[in-house]
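1. Give me coordinates for this.
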Amino acid sequence: MAGKTTNMSTIKQLLLLRLQDAGIKTIARTLGISKNTVKDYLQKLHTLQNKADMPFTIDALVQMPEPQLEALFHAGNPAYKDDRYAYLKERLSYFGKELKRTGVNRKLLWQEYRNEHPDGYGYTQFCFHLNQLLHSRKPTMVLTHAPGDKLYIDFAGKKLSYTDRVSGEVKEAEVFVACMPYSDFSFVMAVPSQSSTDFIFALTCCLQQLGGVPQAIVSDNLKAAVTRACSYEPDINKILIDLANHYGTTILPARAYRPRDKALVENHVGLIYSRVYAKLRNQVFFDLPSLNTAIAACVKDHNQTRMQQKPFSREERFLADEKPLLKPLPEQPFEVKHYRQLKVAQNNHFYLSADKHYYSVPFVYIGQLVKVMYTRTMVFAYHNGEQIACHVRNYKQGGYTSLAGHLCSQHRHVAQRSPQYYLAIAQKCSSQLHQLFEYIFAQNRYPEQLYKTCDGLLHLQRKSAPAVFAKACQMAIDYEQYNYRFVHNVLANKMTELIPDTAVNNKPLPEHQNLRGKEYFQQSLLF
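-> Reported below is the predicted structural model:
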């Protein structure tokens, strides 16, 4: 029977009219259907009434629910009763296993199938029935999500890009996507790569945007999250474990090659393509922050748009049902921690290869192994569980970051040398030495030579009596001999004994008549 299937209510009317002994023309005219259709249904009724195992009466058929009645009158496509279909169904397990093998496809399986059964299905019907049978063996489950329970995260398959303002190079950016499955609230951010540092940074920004921490984070099996994939006990990246410990949550990696474990975020990526990618397709960005600003605006519109068949938006449901149930954020955001076991060099510095930079530790640890932990901003050194150094991270290649307290006394003295350093020491010894140092640094000479002169004078000061050394410095100032050798000779030859203790440095000028005064200069200006 070709054409549109007749409604079961109409069929029941046909049965009731037949029960009243109405003719074919009367039934066709009353129900508005063709006489041939009436004949076909009456033929099916005759078959059902004469069924050997369980005959049906018209009254019983009229009382049946419509789906059962439809199954009797519309038995389905006879193709599924064909012997070819039965054989194909028996071979389903074999075909399913073969399709997983390298290089095996449906075309090859169909060719082998036709070689064995030349009268079998054509390629189109073979693929149709095979797909239906394979899909029927992989049922899906409806997952229910509790509010504030999980956060699904993943990277989109397609990338966004921005143009370097200086070089004009187009740089691609990975797109991090996250969503809360209960409310479908979304977060999207572009990062330079899928590395652990960029991945953790994006996840940290996501938690800050949510304003709380869910009970668990469901991640994909990317290397930044899982170091060894396993369906039952995957090895989670240590950095991600540190993040989970910092925020008080749990990491639940999805099974490898099981996208249905996180079907919601997979479907969400498709929404992001149409609601973010498509809207930004004709815009040009010159840096990553401006790209992320545009992404955030699109995602905000997406979250605030009313959902289909629901009287609320994603943001409204998140704020009402999920955010109050999230754990509070810690005071400090998480930073990625890297660990190294390094040896302290003879100059009491260790070399951090990640920065190509040197950092100091106390000199007593020279030659020993220290455990170094560094974040994006700080570098810490530990020995036997005790922190021995802390530095602000420096990315200058080949540079040294040193603390004066880490150096031995000799090295500290060399490192701290400066005019102010020597003048401060001289001030504590005597005013004459301080004045002499001022004259020394007033000279236009190489600083290293001036430092050595000051070191020599300080050496003499330590070996001499304070009063004697002060007289020697005063003599150097009076005779304008601002050097180590002159003071050394004065002390060696005991020349300070020739100067009385009451000697005055600045002798007054003798009285004379050669005084012109200010009037002289005023008259000179007139001429």
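2. Next up, identify which helix or strand Ala190 is on.
-> Per DSSP states H and E, Ala190 falls inside strand 185-191.
3. Other residues contacting that strand?
-> 160, 173-179, 198-199, 201-202, 205-206, 209-210, 268, 271-272, 276, 288, 291-292, 295-296, 298-299, 302-303, 314-315, 317-318, 322 (CB atoms under 8 Å, 6 or more residues apart in numbering). Just so you know, the C-beta spots here come from the backbone N, C-alpha and C atoms, and that holds for glycine as well.
4. now do 6 Å
-> By CB atoms under 6 Å, 6 or more residues apart in numbering, the surrounding residues in contact with strand 185-191 are 160, 173-179, 198, 202, 205-206, 209, 272, 291-292, 295, 299, 303, 314, 318.
5. Tell me the pLDDT of Phe176.
-> For Phe176, the pLDDT comes out at 90.
6. And stretch 359-373, what's buried?
-> Applying a neighbour-count criterion of 16 or more other CB atoms under 10 Å, one finds 359-363, 365, 370-372 buried in stretch 359-373.
7. TSV for these, including distance to Leu433 and pLDDT?
-> TSV is the format used below for the buried residues of stretch 359-373 (distance: CB to CB, whole Å; pLDDT from 0 to 100):
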residue	distance to Leu433	pLDDT
Tyr359	37	91
Ser360	32	88
Val361	36	88
Pro362	32	87
Phe363	30	80
Tyr365	37	85
Val370	42	91
Lys371	47	93
Val372	44	92
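8. from those, which two are the most distant?
-> Largest separation among the buried residues of stretch 359-373 by CB to CB: Phe363 and Lys371, giving 18.3 Å.
9. quick one: Ile58 and Leu14 touch, right?
-> No - if you go by CB atoms under 6 Å, Ile58 and Leu14 don't touch, sitting 10.0 Å apart.
10. More neighbours: which of these two?
-> Taking other CB atoms under 10 Å, Ile58 and Leu14 do not tie; Leu14 has more neighbours (23 against 16).
11. residues touching that one, list them.
-> Residues near Leu14 by CB under 6 Å, 6+ apart: 27, 41.
12. Assumed it was part of a strand.
-> No - Leu14: not assigned to a strand; according to DSSP: H, G, I helix; E, B strand; the rest coil it is helix.
13. quick one, strands of the stretch 101-250 of the chain?
-> 150-155, 160-163, 170-180, 185-191, 216-219, 226-228, 235-236, 250-253 (DSSP state E, counting those that start in this stretch).
14. Output the ones you listed as JSON lines; include the columns distance to Arg485 and mean neighbour count.
-> JSON lines is the format used below for the strands of the stretch 101-250 of the chain (distance: least, CB to CB, whole Å; neighbours: other CB atoms under 10 Å):
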{"stretch": "strand 150-155", "distance to Arg485": "73", "mean neighbour count": "23"}
{"stretch": "strand 160-163", "distance to Arg485": "67", "mean neighbour count": "18"}
{"stretch": "strand 170-180", "distance to Arg485": "64", "mean neighbour count": "21"}
{"stretch": "strand 185-191", "distance to Arg485": "66", "mean neighbour count": "23"}
{"stretch": "strand 216-219", "distance to Arg485": "74", "mean neighbour count": "22"}
{"stretch": "strand 226-228", "distance to Arg485": "69", "mean neighbour count": "15"}
{"stretch": "strand 235-236", "distance to Arg485": "71", "mean neighbour count": "15"}
{"stretch": "strand 250-253", "distance to Arg485": "73", "mean neighbour count": "18"}
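15. Figure out which of those is closest to Phe486.
-> Of these, nearest to Phe486 by CB to CB is strand 170-180, at 66.4 Å.
16. what angle separates that closest one from strand 150-155?
-> Counting by axes from the mean of the first three to the mean of the last three CA atoms, to 10 degrees, strand 170-180 lies at 160 degrees to strand 150-155.
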